[in-house]
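A.B. asks: Mind folding the following:
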Amino acid sequence: MEEQLKKQPAVKIMSSAVAIVSCLKLEGVTKVFCVPGESYLPLMDAIYEEETMQLVSARHEGGAAFMAEGFAKATSIPGVVLATRGVGAANVAIGVHTAYQDSTPMVVFLGQVHRQFRGREGFQEVDLEQFFGPIAKWTVEIRDAERVPELVQRAFRMARTGRPGPVVISLPEDVLKQTAEMRFSPRSQKPAPAPSRDEVKQIESILKKAKRPLIIAGGGVKSANAEHELKAFSEKYSLSVIAAFRRHDVFPNHHPLYVGHLGLGTNKEVIQTVQEADVILAIGTRLSEVTTQDYSLPTKDQILIHVEIEPSVLGKSAVPDVGIIADAKQALLACMAIESDARWISWTAKRRKVYERTSSLLSAKHEEKLTNECVMMLLQEVLPENAILTNDAGNFAGWLHTYYQFKEKKTYIGPTSGAMGYGLPAAIGAKFAYPDLAVVSLSGDGGMMMTVQELETAVRYQVPVISLVFNNQMYGTIRMHQEIHYPKRVIGTELGLVSFASLAKAMGANGVRVTSQKELICELQSALRSDCPTVIEIMTDREDISVSNTIEELRQKIP
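C.D. replies: Numbers count the residues shown, from 1 in each chain. Below is the predicted model:
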């Protein structure tokens, strides 16, 4: 009888707003990101009373959402963001979409009009459940105060379990003030399903016949905290590992079994590694458009073993020969019992040499000017190995993806959704998560201007992120595609000159422009010691449009 009483949920009388904060505390939430809105003032006031929780007020809802998403990627704890009705919700949408495509746990609370005003096109009224339905894992509106704990705790459970993702909760203004008997349940545990013995035997049978097996490792390995198990598994069987799009830190890049990254503009010789494989073991990856190079990989001639925690992912982009619904860590642990003689060691070594050749930065040491290759070389030399890097969308990221070596787990945070404006606010979120680690964001001038206002947020909360801005006065990625498909017909991609160093100073941050390797080294070292945010502006040669081509070279390829 005593045991049964212990299992009964605690019952307390309180307002809906206070109940939401109680749920956040149960889930271990310490940071909440927002742009204030009158529609959810009671919730903000309840956070004011909670000493263990900090409300971070951003300059734009998109920035707040990216901060929450970056915080969640860094910690695996659901990021929490608050915004007001329709207009604030629309601004938050970019962060929700990013969390959805990136499989990032996030819970979004959105103010909503009074229940009696619904359906009358009230002030800023939007049907939030329909609005976010296609880009969120789950959406719900709380219409009854007593259901707050049930629905909020369910939201956190859904955000964290299976394939993680964003959950959106609509909060009618009048419900937040209502009081009721609230029944709280214990924090839910994240399930970790394991493969069956028969499934492990199937993998064993395939590997015994394999000649050139390859692992494609994705974000599911990171969310399962299975980086160590992946390394142990690949080492035991001498299996090559290639990272899915923007999941570089899933495996140490300097390891002799790492053979590259499947991203945008990946070197053809690295892609050839995947093409040569006869067996592909995809672990914790949804095999996205970018990872599969426009769904051209794996080919029909290759055997695909796909391990994923979300059933709907299996067969979505490629039909597996063996599809296993399992947690990445449990799957890797189970596969350690496989018997195999690893006949592919020479092929593995050969493909590693290909990767080393295509990612070499030796030539950068002899450059006189500050090229993008030089920037990557100096970041590698100056930053500590546990530094966290974030990046925006943009062609500058090609150099990061090609040359920078991520040697420790949980050190890279990039948007697989390709969202511009992501780098700086995501870095702020990561720095909130790990204040003792160096956090560096990389952005182009186009993306930086989309969320540059969040630099003031970093100044106000004393969050010393380091932001590198590659300034070439254009939307570089689009200009590249423009030159490929419509050479010399430049329209819409030109940008004016902005002094980001001056802009940073105007917001109270450190701001510098560098033109040489010596200057960049000096400013990076200074920024690492500073307790103030720093923007380092790098004037980029406009001709250097991608890792492999200049603008002129692209034009010459067109007959």
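A.B. asks: shaky segments in the stretch 101-250 of the chain?
C.D. replies: Applying pLDDT under 70 to the stretch 101-250 of the chain flags the ranges 115-117, 123-125.
A.B. asks: same deal with the stretch 251-400 of the chain?
C.D. replies: 366.
A.B. asks: Just give me how far stretch 338-348 sits from the chain centre.
C.D. replies: Remark: stretch 338-348 is offset 33 Å from the chain centroid, using C-alpha atoms, centre = their mean, to the nearest Å.
A.B. asks: Quick one: end-to-end distance for it.
C.D. replies: 19 Å (C-alpha to C-alpha, to the nearest Å).
A.B. asks: Contacts for it next, please.
C.D. replies: Contacts with stretch 338-348, where a contact means C-beta atoms under 8 Å, 6 or more residues apart in numbering, come from 200, 203-204, 207-208, 210-213, 237-240, 257, 259, 276. Yep, even glycine has a C-beta here, placed from its N, CA and C like the rest.
A.B. asks: likewise stretch 181-199?
C.D. replies: Stretch 181-199 has contacts (C-beta under 8 Å, 6+ apart) with 9-14, 19, 22-23, 26-28, 146, 148-150, 153, 156-157, 160-162, 203, 224, 307, 309, 322, 324-327, 329-331, 333-335.
A.B. asks: Using PDB, write out every CA atom in whichever helix in the chain runs longest.
C.D. replies: Longest among the helix segments of the chain by residue count, using DSSP state H, is helix 86-102. The C-alpha coordinates for helix 86-102 follow below in PDB (Å, rounded to 0.1, in the frame of the first residue of the first chain):
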ATOM      1  CA  GLY A  86       0.800  35.100 -34.400                       C
ATOM      2  CA  VAL A  87       3.600  37.600 -35.100                       C
ATOM      3  CA  GLY A  88       6.000  36.200 -32.600                       C
ATOM      4  CA  ALA A  89       5.100  32.700 -33.600                       C
ATOM      5  CA  ALA A  90       5.900  33.400 -37.200                       C
ATOM      6  CA  ASN A  91       9.300  34.600 -36.300                       C
ATOM      7  CA  VAL A  92      10.000  31.500 -34.200                       C
ATOM      8  CA  ALA A  93       9.100  29.200 -37.100                       C
ATOM      9  CA  ILE A  94      12.600  29.200 -38.600                       C
ATOM     10  CA  GLY A  95      14.000  27.800 -35.300                       C
ATOM     11  CA  VAL A  96      11.200  25.200 -35.100                       C
ATOM     12  CA  HIS A  97      11.900  24.100 -38.700                       C
ATOM     13  CA  THR A  98      15.600  23.800 -37.900                       C
ATOM     14  CA  ALA A  99      15.000  21.700 -34.800                       C
ATOM     15  CA  TYR A 100      12.700  19.500 -36.900                       C
ATOM     16  CA  GLN A 101      15.200  18.800 -39.700                       C
ATOM     17  CA  ASP A 102      18.100  18.600 -37.300                       C
END
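A.B. asks: Mind giving me the packing neighbours of it?
C.D. replies: helix 61-75, strand 79-83, strand 106-112, helix 128-132, strand 166-172 (3 or more C-beta pairs under 8 Å, 6 or more residues apart in numbering; DSSP states H and E).
A.B. asks: Of all the ones you listed, which one is nearest residue 368?
C.D. replies: Shortest distance between residue 368 and the helices and strands packed on helix 86-102, using C-beta to C-beta, is found for helix 61-75: 35.8 Å.
A.B. asks: same question for the closest one, mean pLDDT?
C.D. replies: Computed over helix 61-75, the mean pLDDT rounds to 98.
A.B. asks: quick one: it to strand 166-172, angle?
C.D. replies: Here the directions of helix 61-75 and strand 166-172 differ by 130 degrees (axes from the mean of the first three to the mean of the last three C-alpha atoms, to 10 degrees).
A.B. asks: For helix 61-75, what is the distance to the chain centroid?
C.D. replies: Centre to centre, stretch against its chain (C-alpha atoms, centre = their mean), the figure for helix 61-75 is 9 Å.
A.B. asks: now stretch 43-60
C.D. replies: On C-alpha atoms, centre = their mean, the centre of stretch 43-60 falls 24 Å from the chain's centre.
A.B. asks: Could you do stretch 369-379 as well?
C.D. replies: 24 Å.
A.B. asks: Now stretch 101-116: buried residues?
C.D. replies: 101-113 (16 or more other C-beta atoms under 10 Å).
A.B. asks: Dump those to JSON lines, plus distance to residue 511.
C.D. replies: Below are the buried residues of stretch 101-116 laid out as JSON lines (distance: C-beta to C-beta, whole Å):
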{"residue": "101", "distance to residue 511": "32"}
{"residue": "102", "distance to residue 511": "30"}
{"residue": "103", "distance to residue 511": "35"}
{"residue": "104", "distance to residue 511": "30"}
{"residue": "105", "distance to residue 511": "34"}
{"residue": "106", "distance to residue 511": "31"}
{"residue": "107", "distance to residue 511": "35"}
{"residue": "108", "distance to residue 511": "33"}
{"residue": "109", "distance to residue 511": "35"}
{"residue": "110", "distance to residue 511": "35"}
{"residue": "111", "distance to residue 511": "36"}
{"residue": "112", "distance to residue 511": "40"}
{"residue": "113", "distance to residue 511": "42"}
